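1. build me a model:
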Amino acid sequence: MAQSKKSSFIEPSKSPIFYGYVILVVGTIGVYCSIPGQTIGVSVFTDPVKDALGLSRNQFSNAYMIGTIVSSMVIGRAGVWFDKYGARYVAFFATLTLATTLFLCSWSVQMSEFIKNTLNNNTWWIPFLLMTCLFFLLRFAGQGVLTMASRNMIMIWFDKNRGKVNMFSSVALSFGFSSSPIWINTIIDIKGWELAWRYFAIGLILFSVLVYLFYKNKPEEHGLLPDGDKARTTPEEKRGKLANKQFTLKEAMNTRSFWMYGLMLAFNSFFITGLTFHIVSIFASEGFPKADAISIFLPGSVVAVSVSTIFNWLSDRLPLKLYLYLMLIGGILASVGFLFLASPVGVPFLIAGFGIMGGFFSVLNAIAWPRFYGRDHLGAITGKVMSFLILASALAPSIFSLCFSTFNSYSLVGYLGLAFLVFLVFGSLKANNPQ
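-> Just a heads-up that it's a prediction; the model follows:
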């Protein structure tokens with residue numbers, strides 16, 4: 001890590017303000033730049049790309065699912081890289097990988113035709129396998145590595161103000177992510193999907209320069225302390241204040257908290273992804289028009305941002321176990337609303353439930369892991385958690401679809417979700433802070 005300091009053009013210790021606030025800004029931009037690899041960024045390209053490649057919606061969706069599942073299996077390795085090489089280099093190469101993948105995606109039709117001509121075979125398997133590989137790279141570099149490295153870096157630079165800092169980052173990202181489909185779709189309409197992906201790739205290349213210049217691994221490497229604290233001087237005081245014990249991934253996985261919090265976060269990814277992917281069909285099955293289905297996202301986002309803002313601010317003073325149970329209540333509300341959608345309380349319960357879950361997700365996914373397990377192995381621990389989240393989001397659309405095609409109803413998903421949440425309620429009774 002000393003080498004990273006020698007090769008640095010910008011020295012945090014000479015900054016006129018605490019450099020953690022610079023980290024907050026560039027780290028938040030880093031998560032925002034992962035949008036091309038997130039579901040919300042890929043979904044806008046679905047119709048024009050699948051049509052250009054000659055794939056059906058199911059074939060295109062399955063390619064996305066397989067690529068996402070494979071990325072969830074290897075994202076844990078990226079967490080180990082984060083601990084070994086730091087945020088700067090991991091995020092830098094993730095950004096370049098994402099940019100390269102977007103260039104390749106923009107040429108996917110030409111590559112598919114070239115392979116077909118070379119093999120003298122016009123099968124749909126060729127564009128299917130090609131997009132599966134590209135989706136793997138998109139999800140691994142974007143949703144996985146760049147997001148994880150940027151978020152972890154912010155959390156490492158703060159300790160007692162971690163919740164307040166995460167509040168500002170979460171609010172900015174909520175508005176940024178929710179508005180992204182609008183401007184992405186505008187670019188596609190004006191310039192076409194190929195040029196849209198190339199523009200994103202060029203933007204990421206430019207951002208990689210900022211990553212190399214401004215991303216810094218730990219404040220201690222530059223003679224600083226988290227939060228800009230100058231009171232602690234000895235190594236024992238520094239480490240003792242930050243965490244009583246620095247857990248390895250194996251030690252973290254031996255605690256109940258790791259599994260209860262991780263499974264609750266994974267359930268949120270599963271439920272929200274499945275709901276979003278099939279929202280029109282879910283509401284149509286209960287007699288609602290498309291406009292009613294789409295309209296739930298705005299009030300849900302308001303609930304999520306409000307919950308995230310308030311409870312991020314309070315998280316530095318409140319126990320996170322309270323947050324876990326409030327998130328579980330949100331999940332139960334959402335599941336009940338999902339099951340009784342046609343009733344008077346169905347839609348309000350669903351909106352309130354998934355909004356509450358989304359709000360607490362942004363708090364717990366960022367704050368719980370460094371508070372519970374320390375910072376030394378944060379990459380490996382969050383990498384493992386990220387694999388749960390990615391796998392859950394990959395499986396959700398297919399499981400929702402399977403339930404509907406088999407039983408002509410989505411109710412089974414609601415009942416299974418409710419049973420899983422009840423299990424977590426009892427399993428979390430002893431899910432205390434390992435520190």
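2. please enumerate the strands of the protein.
-> Remark: strands of the chain are absent; assignment by DSSP state E.
3. just want the most central residue of it.
-> The centroid of the chain falls nearest to residue 143 when counting by CA atoms, centre = their mean (5.6 Å).
4. could you verify my assumption that that one touches residue 40?
-> No. Using CB atoms under 8 Å, residue 143 is not in contact with residue 40; the gap is 10.0 Å. In this view, the C-beta of every residue, glycine as well, is placed from N, C-alpha and C.
5. returning to that earlier point: the residue nearest to the centre of the chain: what's it in contact with?
-> 34, 37-39, 71, 390 (CB atoms under 8 Å, 6 or more residues apart in numbering).
6. swap the cut-off to 6 Å and go again
-> Counting by CB atoms under 6 Å, 6 or more residues apart in numbering, residue 143 touches 37-38.
7. farthest residue from the center of this protein?
-> residue 120 (40.3 Å).
8. roughly how far apart are that residue and residue 126?
-> 11 Å (CB to CB, to the nearest Å).
9. same deal with residue 67?
-> For residue 67, the distance to residue 126 (CB to CB) stands at 15 Å.
10. again with residue 392
-> As judged by CB to CB, residue 392 and residue 126 stand 30 Å apart.
11. also residue 297?
-> From residue 297 to residue 126 the distance is 36 Å (CB to CB).
12. so these two - more neighbours on which side?
-> residue 126 (20 against 17; other CB atoms under 10 Å).
13. what's near enough to touch the more buried one?
-> 112, 115-116.
14. from those, which would you call buried?
-> Buried members of the contacts of residue 126, scored by 16 or more other CB atoms under 10 Å, are residue 112.
15. tabulate the contacts of residue 126 (CSV), appending pLDDT and distance to residue 154.
-> Shown next, in CSV, are the contacts of residue 126 (pLDDT from 0 to 100; distance: CB to CB, whole Å):
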residue, pLDDT, distance to residue 154
112, 94, 39
115, 94, 42
116, 92, 45
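16. how about the contacts of residue 126 in TSV, adding distance to residue 201?
-> Below are the contacts of residue 126 laid out as TSV (distance: CB to CB, whole Å):
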residue	distance to residue 201
112	19
115	22
116	25
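17. between the contacts of residue 126, which is closest to residue 218?
-> Closest approach between the contacts of residue 126 and residue 218, by CB to CB: residue 112, at 44.3 Å.
18. what sits against the closest one?
-> Residue 112 touches 53, 126-127, 130, counting by CB under 6 Å, 6+ apart.
19. name the member of the residues you listed with the most neighbours.
-> Counting by other CB under 10 Å, top hit in the contacts of residue 112: residue 127 with 25 neighbours.
20. ok, it - contacts?
-> Residue 127 touches 53, 55, 112, counting by CB under 6 Å, 6+ apart.
21. what separates residue 123 from residue 107, distance-wise?
-> 20 Å.
22. higher neighbour count, the two?
-> More crowded of residue 123 and residue 107, by other CB under 10 Å: residue 107, with 13 against 10.
23. can you report phi and psi for that one?
-> phi -110, psi 20 (degrees, to the nearest 10).
24. once you drop chain neighbours, what's closest to it?
-> Using CB to CB, 6 or more residues apart in numbering and skipping residues adjacent in sequence, the residue nearest residue 107 is residue 194, 7.6 Å away.
25. what about the one you found, distance to residue 201?
-> 11 Å.
26. can you list residues touching both of the two?
-> With CB under 6 Å, 6+ apart as the test, residue 194 and residue 201 reach no residue in common.
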